[in-house]
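Peer 1: Generate a structure from the sequence data that follows.
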Amino acid sequence: MNDLFWLTDAQMARLEPFFPKSHGKPRVDDRRVLSGIIFINRNGLRWRDAPAEYGPSKTLYNRWKRWSDKGVFARMLLELADRGGGTDTLMIDATHLKTHRTASSLGPEKGGRGRLIGRTKGGMNSKLHTITDAFGRPLRMFLTAGQRSDYIGARALLEGLPPAKHMLADRGYDADWYREGLENKGIKPCIPSRKSRKIPIPHDAARYRQRHKIENSFARLKDWRRVATRYDRCPKVFLSACALAAVVMFWL
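Peer 2: Modelled structure (predicted):
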């Protein structure tokens, strides 16, 4: 029992507004089920191996899958991060997450929806694109196949950026369209120029050194084993695991 994870009263109070309303038969204890879901994702267990204290494993999995499909965990991250206070500095980066054979063994889903899994030099993986605040706390996330360019995530996340004054990014994001998009939002890019750029664009080197905080954030997210290794075939469910990890570690 001492090794198990249990949400506190204060944490439950912050999360309860995001729970879907129960229709008909009352739901099984939310604290027990959600604590079990967090324990499984953090420790990389199979659902069938959930400790008995969390109740039937089928209940845990069904709640996880149903709420993931509804976007409950993604909404938790978005709204709790927005309530967490403004930031004058944003950071963007992407990291590769290994894909287990159970997630990549089958072909694309019916209806043409891809699994967002691709082959790179490191094997089969997915890429998590993330926006963080000045402290490295995740604010926005976007998932692509592993071989996709960082530009794909940058373009997808550009429209929904929270207000800020600066954006820190490595030279992989040095594109005129991205710099222009940031400046149109009143955000000053702090991005080193690519070596191929004929006339380098100066950046604030002292401010740029703070970018290590987003790398630290990725390292912490990967402490959750079902984030570091993708076991879920459905990309929406896997992104929910990333969002839930961010919520528990940074916003509760």
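
Peer 1: quick one: contacts of the lowest-mean-pLDDT helix or strand in the chain?
Peer 2: Least confident helix or strand, the chain: helix 101-104 with a mean of 79, by mean pLDDT, DSSP states H and E. Contacting residues not belonging to helix 101-104 are listed as 115, 117, 124, 230-233, 238 [C-beta atoms under 8 Å, 6 or more residues apart in numbering]. Backbone N, C-alpha and C define where each C-beta goes, glycine included.

Peer 1: Who wins on neighbours among these?
Peer 2: residue 230 (29 neighbours; other C-beta atoms under 10 Å).

Peer 1: tell me the contacts of residue 71?
Peer 2: Contact partners of residue 71, counting by C-beta under 8 Å, 6+ apart, are residue 236.

Peer 1: oh, I was asking about residue 191
Peer 2: If you count contacts by C-beta under 8 Å, 6+ apart, then residue 191 has 167-171, 173-174, 178-179, 201, 203 around it.

Peer 1: low-confidence ranges in the stretch 1-150 of the chain?
Peer 2: Flagging of the stretch 1-150 of the chain using pLDDT under 70 yields the residue ranges 1-2, 24, 105-113.

Peer 1: residues of stretch 219-227 that come out buried?
Peer 2: 221-222, 224, 226-227 (16 or more other C-beta atoms under 10 Å).

Peer 1: so for that stretch, what's the average pLDDT?
Peer 2: The average pLDDT for stretch 219-227 rounds to 97.

Peer 1: Dump it to CSV, keeping only the CA atoms.
Peer 2: Provided in CSV are the C-alpha atoms of stretch 219-227 (Å, rounded to 0.1, in the frame of the first residue of the first chain):
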residue,chain,number,x,y,z
ALA,A,219,13.6,14.2,-19.1
ARG,A,220,11.0,14.3,-16.3
LEU,A,221,8.2,13.3,-18.6
LYS,A,222,10.1,10.3,-19.7
ASP,A,223,10.3,9.1,-16.1
TRP,A,224,6.8,7.9,-16.8
ARG,A,225,7.4,4.6,-18.5
ARG,A,226,4.2,4.7,-20.7
VAL,A,227,5.4,8.0,-22.0
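
Peer 1: Can you tell me which of the contacts of residue 191 is nearest residue 75?
Peer 2: residue 167 (24.2 Å; C-beta to C-beta).

Peer 1: Adjacent strands (with direction) for the host helix or strand of the closest one?
Peer 2: Taking DSSP states H and E as the criterion, residue 167 maps to strand 166-168. Its sheet considered, strand 166-168 pairs with strand 89-99 (parallel), strand 188-190 (parallel) by DSSP bridges.

Peer 1: on that earlier part again, tell me which of the contacts of helix 101-104 fall in strands.
Peer 2: 124, 230 (DSSP state E).
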